[in-house]
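Novice: Whatever this is, show me its structure:
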Amino acid sequence: MDVAFDWGLFALFMGASLAAGLTGWMFKPGDWYEGLVKPDWRPKNWMFPVAWTTIYVLSSLAATRIAVQPGNAFAMGFWAVQIALNTLWTPTFFGARRMGLSVMVMAALCAAVLGMLWTFWPLDGLAFLLILPYAIWLALAAPLNWRVWRDNRGAGAGA
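Specialist: The predicted model follows:
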């Protein structure tokens, strides 16, 4: 189904993504994080804001396409769950320094993004493709989250 792109919907999804992204500004990694043991395969610091900005734009574009499709309830539900979990991860890890809890948030986020892929595919192939970079990034971020928690037990509040 080809319909005109809805810039208002896109602005709504980008607003939710901006709110999620602002948690990175509110809860910066700082000295605590720099002092943690991290694997040598960890991406460079500059890659995180580039990756997340790209993911937020692509996810918002995908959601805009899905929002106008009939039968989109589960797909939009997964989008809402992933943006809520995405928003929760940064204050959990960097703010509260609850690395173990952040691993659980990350696992739920991965499941929500997989749910997005599963439900976006039959509705809109392009929207599905726009979510793939998110899933690929999480395939790196989730093991990194687990590894940092594993290698730094006791370094956070209730680590």
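
Novice: Quick check: what element follows the helix or strand of the chain with the lowest mean pLDDT along the chain?
Specialist: One helix or strand of the chain scores below all others by mean pLDDT, DSSP states H and E: helix 30-34, with a mean of 93. Per DSSP states H and E, the first helix or strand lying C-terminal to helix 30-34 is helix 47-67.

Novice: Quick check: mean pLDDT of the next helix or strand along the chain from that following helix?
Specialist: Remark: after helix 47-67, the chain's next helix or strand is helix 73-90, criterion DSSP H and E. For helix 73-90, mean pLDDT rounds to 98.

Novice: which outside residues touch the least confident helix or strand of the chain?
Specialist: 94, 97, 155-156 (C-beta atoms under 8 Å, 6 or more residues apart in numbering). Glycine gets a C-beta too; all of them are placed from N, C-alpha and C.

Novice: Widest-spaced pair of those residues?
Specialist: Phe94 and Ala155 (12.6 Å; C-beta to C-beta).

Novice: of those two, who's got more company?
Specialist: Taking neighbours as other C-beta atoms under 10 Å, Phe94 and Ala155 compare with Phe94 leading, 21 against 16.

Novice: roughly how far apart are the more buried one and Leu85?
Specialist: 15 Å (C-beta to C-beta, to the nearest Å).

Novice: With that, I have no additional questions.
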